[in-house]
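J.: Predicted coordinates and the sequence they were generated for:
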Amino acid sequence: MLRAGGGRFITRLGVSDSVFLGGNPPFQPNASVSFGSVDNPGAGGAASIPLVVTTQSKAFKNPEAWNWNFTFERQMFWKSLLSVGYVGRRGLHLQREADINQPTTAVVTAPANAGVNINALRPYKGFGSIRETDNVATSRYDSLQVAWNRRFANGLLFGASYTLSKSMDSGSNQRDVIPNTYDPDMMWGPSEFDARHVLTINYLYQFPFFRSRSGFASKALGGCRSAAFRSSRQAYPVALRDRMTTPAWAWTPTLGVA
């Protein structure tokens, strides 16, 4: 038997918790201190402390996903069923964040700006980081899914499934912040939840002892079962950053390894 399906799914936007209007200036000012004293951040006067602001993009699109699948099924020996399928997914307008007040690498590394406070080099003077939430990330998922299952018959049930998949995106969760605002393509890589190999095995066996007898032994011991479930997967990717040689304003791209 051959099965196929597909669909388009759109999420309705609610109130984004990334935009704390009540926590922004002038209602509740936040301050960032670079190369200063956190014990006394206002030592130089309130005007010298850059304000930290959060905001949301004007073009905040609805998150969208396209799903499709093709599956082949065949009845096998031992009253079992074999299923082989391909499952794909494309995600659009996914949420992530960027510092729109981040100075460029060229400005920070210019010889004339050596030793200058980073807040004096930002595009919007008087502000520190301005974290903007936007639905601009994308994702792609492709997988081969194989399953072999036997329904409960003659006291035995078993199943085994294996998935070979690859999940890529440019923002795995809504709190992902682009290290370099001016190079958003650097975010494309393995998803934080990408598990390339997943194997699951299970069985249930009903012992034949005392099932056909009557009396106490049949009621106490008849129908005893043994069951087990085992699931294994490849480790999720990890992000590596060189914080010793890379300034905080220009992190290097993350590397997905397992």
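T.: Thanks, I have the structure now.

J.: Give the partner strands of the helix or strand containing residue 73 in its sheet and their orientations.
T.: Assigned by DSSP states H and E, residue 73 belongs to strand 64-76. Using DSSP bridges, the strands paired with strand 64-76 are strand 2-10 (antiparallel), strand 80-99 (antiparallel).

J.: which residues are in contact with the shortest one?
T.: Strand 2-10 is touched from outside by 62-73, 85, with contacts defined as Cβ atoms under 8 Å, 6 or more residues apart in numbering. All C-beta atoms are positioned from the backbone trio N, CA, C, and that covers glycine.

J.: Adding pLDDT, neighbour count and distance to residue 226, write those residues out as CSV.
T.: CSV is the format used below for those (pLDDT from 0 to 100; neighbours: other Cβ atoms under 10 Å; distance: Cβ to Cβ, whole Å):
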residue, pLDDT, neighbour count, distance to residue 226
62, 91, 11, 49
63, 92, 17, 45
64, 95, 16, 46
65, 96, 17, 41
66, 97, 13, 43
67, 97, 15, 38
68, 97, 14, 39
69, 97, 16, 34
70, 96, 14, 36
71, 96, 16, 31
72, 97, 13, 32
73, 95, 14, 28
85, 97, 18, 30
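
J.: Dump the residues you listed into a markdown table; add distance to residue 9 as well.
T.: Below are the contacts of strand 2-10 laid out as a markdown table (distance: Cβ to Cβ, whole Å):
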| residue | distance to residue 9 |
| --- | --- |
| 62 | 10 |
| 63 | 9 |
| 64 | 7 |
| 65 | 5 |
| 66 | 8 |
| 67 | 7 |
| 68 | 12 |
| 69 | 14 |
| 70 | 18 |
| 71 | 19 |
| 72 | 25 |
| 73 | 25 |
| 85 | 19 |
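
J.: and which of those residues is nearest to residue 206?
T.: The shortest approach to residue 206 among the contacts of strand 2-10 belongs to residue 73, at 26.1 Å (Cβ to Cβ).

J.: That closest one pairs with what?
T.: With DSSP bridges as the criterion, residue 73 is bridged to residue 83.

J.: quick one, strands of the stretch 151-258 of the chain?
T.: 156-169, 189-190, 197-206, 225-233 (DSSP state E, counting those that start in this stretch).

J.: hey, which of those is tucked in deepest?
T.: Greatest average neighbour count among the strands of the stretch 151-258 of the chain goes to strand 189-190 (a mean of 20), per mean count of other Cβ atoms under 10 Å.

J.: Could you name the helices and strands sitting against that one?
T.: With contacts defined as 3 or more Cβ pairs under 8 Å, 6 or more residues apart in numbering; DSSP states H and E, the packing partners of strand 189-190 are strand 156-169.

J.: any residues touching the strand it packs on, and which ones?
T.: When contacts are defined by Cβ under 8 Å, 6+ apart, strand 156-169 is touched by residues 80, 91, 94, 137-151, 188-191, 193-206.

J.: On the three-state scheme, residue 62 is what?
T.: Here residue 62 is recorded as coil under DSSP: H, G, I helix; E, B strand; the rest coil.

J.: My understanding was that it contacts residue 12; is that so?
T.: Yes - shown here, residue 62 and residue 12 form a contact pair, counting by Cβ atoms under 8 Å, at 6.8 Å.
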